[in-house]
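S.K.: Below is the sequence, then the predicted model.
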Amino acid sequence: MRSQELMSSWADWNGTQRRWTMPTGSVLQFCHCKNEEDVFNYMSQQFDIILLDESTQFTRFIYRYLLSRNRATKDRVTPFMAMATNPGNVGHSWFKSEFVDCGPPEQVHSVEVEEGVFEDHIFIPAFLSDNEILEKRDPMYRKKLESQPEIYKKQLLEGDWDIFAGQYFSEFRRNIHVCKPFDIPKWWKRFRSLDYGLDMTACYWWAVSTYGICYIYRELHQLGLRLSEAAKKILAMTPKDEKIAYTVASPDLWNKRQETGTSGREIMAREGLFLTKAKHDRIAGWRTLREYLAPYEDEQGILTARLQIFDHCINLIRCLPQLLHDEHNPEDAADKPHSITHGPESVRYGIMSRPSKSVDDSLKFTEGMSESAKKGVIVNLEFERKYREELAQHRVRW
């Protein structure tokens, strides 16, 4: 046992009770909790610190109950719980929801774990490459992980929490598609995409680099907003000095409401938010989005993709990799559960508003021009066309 190497020279071991007693009287206790009913063995106990190994092997009930035993009555002692684990197993979903999806890693986040109950959580990712001692002692261990089936390899070797069986966008990788926020150059073209429903308003702000890389840099993901409220919120979240070329939105906002005879587009326009109707070809849209998610090596040999998401857009980062294949049409994404579909739908509308490959065919480039420079030309031409269309309809806000 590793603890024997570390502690036998200065602490007392009791094998029957499986505990170390320190010279100060403090106790390090080794415990087990194989089944949910085992938690009641600790009903009246108190632990200043609780450490769980392979925590995704426990259900959320076990984790939450043991946390209730995490308390201290000594002065200057702050109780806490720490957990180590790999992706997968029975506890994958609750661990991902409460730690991985709560925000950027290595930052403390206030997480609502029960209705009205908040806790401070922090997620610190670690990879095999961080364990230099293990790699040195067992150089074949990496090859063993690389030989596993794709899902297990991604989970165990790369610490990927976003890959699972039935996933629609298996291309999604946080280390490729999520980036730290930065100051966006003012000359980059910007637009918004919107998927509206009373159950969820999902609006995203996009910036397109000179080389055609799309950055999603702001997020509105809120339930219960009326059309007018959603329009006001979107405009309020847009600084007045931001030049938004257009806002592409779901086609159903053009439908007339039976009770009022007014469309959602018209209601939003009254508040000053003017919309452009999105293309609604679902399969073509998902295919195009998949192309933007496809990893490639940039000029420095770094793996990246044409779609990048700022790490504070936590709902999109959570929802996009959770999309499933439609059980009746494998080429389409499932439209349920609705709690995760609105963000990806909004992104699909945004992607479909981008220039198609046919634009490239109509242009003649100087011999020797780099691919990145060609993309820059296409981006600027397409935005000029889109802008002129919006300007002609008096829809551009400056």
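M.R.: Yes, it's here.
S.K.: Show me how the record splits this structure into domains.
M.R.: 31-121, 179-392 (automatic domain parsing).
S.K.: Check these for me: which has the lowest mean pLDDT.
M.R.: The weakest mean pLDDT among these belongs to domain 179-392, with a mean of 88.
S.K.: distance between it and the chain's centre?
M.R.: The chain centre lies 16 Å from the centre of domain 179-392; the measure is Cα atoms, centre = their mean, to the nearest Å.
S.K.: before we move on, the earlier item: which one of the domains of the chain lies nearest to Leu145?
M.R.: domain 31-121 (10.6 Å; Cβ to Cβ). The C-beta positions use only the backbone N, C-alpha and C, and glycine is treated the same way.
S.K.: Kindly tell me how buried Arg69 is, as a neighbour count.
M.R.: As a burial measure, Arg69 scores 16 neighbours (other Cβ atoms under 10 Å).
S.K.: thought it was touching Ile49?
M.R.: No: with contact taken as Cβ atoms under 8 Å, Arg69 and Ile49 are classed as non-touching, separated by 11.1 Å.
S.K.: Same list, the domains of the chain, but as JSON lines with distance to Lys153 please.
M.R.: Formatted as JSON lines, the domains of the chain follow (distance: least, Cβ to Cβ, whole Å):
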{"stretch": "domain 31-121", "distance to Lys153": "11"}
{"stretch": "domain 179-392", "distance to Lys153": "16"}
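S.K.: Tell me which of those sits most buried.
M.R.: Neighbour counts (mean count of other Cβ atoms under 10 Å) averaged over each of the domains of the chain peak at domain 179-392, with a mean of 17.
S.K.: And the domains of the chain: which comes nearest Glu135?
M.R.: domain 31-121 (16.6 Å).
S.K.: Quick one: closest of the domains of the chain to Gly159.
M.R.: With Cβ to Cβ as the yardstick, what comes closest out of these is domain 31-121 (6.6 Å).
S.K.: Distance from the chain centre to the closest one, please.
M.R.: 22 Å.
S.K.: Pull the contacting residues for Lys153.
M.R.: Neighbour list for Lys153: Leu145, Glu146, Ser147 [criterion: Cβ atoms under 8 Å, 6 or more residues apart in numbering].
S.K.: where's the first one relative to Leu156, distance?
M.R.: For Leu145, the distance to Leu156 (Cβ to Cβ, to the nearest Å) stands at 5 Å.
S.K.: And for the last one?
M.R.: Note on Ser147: its distance to Leu156, by Cβ to Cβ, is 11 Å.
S.K.: Neighbour count for the two, which is higher?
M.R.: Of the pair Ser147 and Leu156, Leu156 is the one with more neighbours under other Cβ under 10 Å, namely 17 against 9.
S.K.: in which helix or strand would I find that one?
M.R.: In the assignment (DSSP states H and E), Leu156 maps to helix 150-158.
S.K.: Let me know the helix or strand that the residue nearest the centre of the chain is in.
M.R.: Geometric centre of the chain, nearest residue: Ile317, 1.8 Å, by Cα atoms, centre = their mean. Assigned by DSSP H and E, Ile317 belongs to helix 314-319.
S.K.: Please enumerate residues in contact with that helix?
M.R.: So helix 314-319 is contacted by 101-103, 174, 178, 202, 204, 216, 219, 221, 309, 311, 339-344, 347 (Cβ under 8 Å, 6+ apart).
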